[in-house]
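Visitor: generate a structure from the sequence data that follows.
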Amino acid sequence: MAKTTINTALLYSALDAARQQRQLSWRALAGEIGVSPSLLSRLGNGLKPDTDGFATIVGWLRMPAEQFFERDGMDSVDDQTREPDLMAQLAPLLRARKDLSETDVRYLQQIIGATVERARAQG
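Guide: Numbers count the residues shown, from 1 in each chain. Here you go, the predicted model:
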């Protein structure tokens, strides 16, 4: 059976991208997310977050938790080569934009989502 763990490097990288986009310190980012600065420091050192901390972070990033999972002993090649969901990757980038309102972000997500679905249907 495959073991699933949290890819702390990927999670930390997503947080760092959001931090840089917002021009925040790590301490300020922790305050915005609602976690302790030490949790972010532990992530930076490759340590796993506690369950509540992980849930809070992925909720704040508005990304599915599964995007940060690593699986040992995957059963199929498809699971290993599957691309991450485009909308899951774009959502935090759109949300980080200071010039976009929540309404703007939702609208762009709908447009991009419809475009992706159309491309899949044609491809």
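Visitor: in a strand, Glu70, correct?
Guide: Yes: Glu70: assigned to a strand according to DSSP: H, G, I helix; E, B strand; the rest coil.
Visitor: give the contact list for the closest residue to it other than its chain neighbours.
Guide: The shortest distance from Glu70 to any non-neighbouring residue, by C-beta to C-beta, 6 or more residues apart in numbering, is to Asn7 (4.6 Å). Heads up, the C-betas are built off the backbone N, CA and C, glycines and all. With C-beta atoms under 8 Å, 6 or more residues apart in numbering as the criterion, the residues that contact Asn7 are 68-70.
Visitor: ok, 10 Å please
Guide: Asn7 sits next to 13, 48, 67-71 when contact means C-beta atoms under 10 Å, 6 or more residues apart in numbering.
Visitor: skip ahead from the lowest-mean-pLDDT helix or strand in the chain and say which helix or strand is next.
Guide: Within the chain, no helix or strand scores below helix 77-81, which has a mean of 48 by mean pLDDT, DSSP states H and E. Counting by DSSP states H and E, the element after helix 77-81 in chain order, helix or strand, is helix 86-96.
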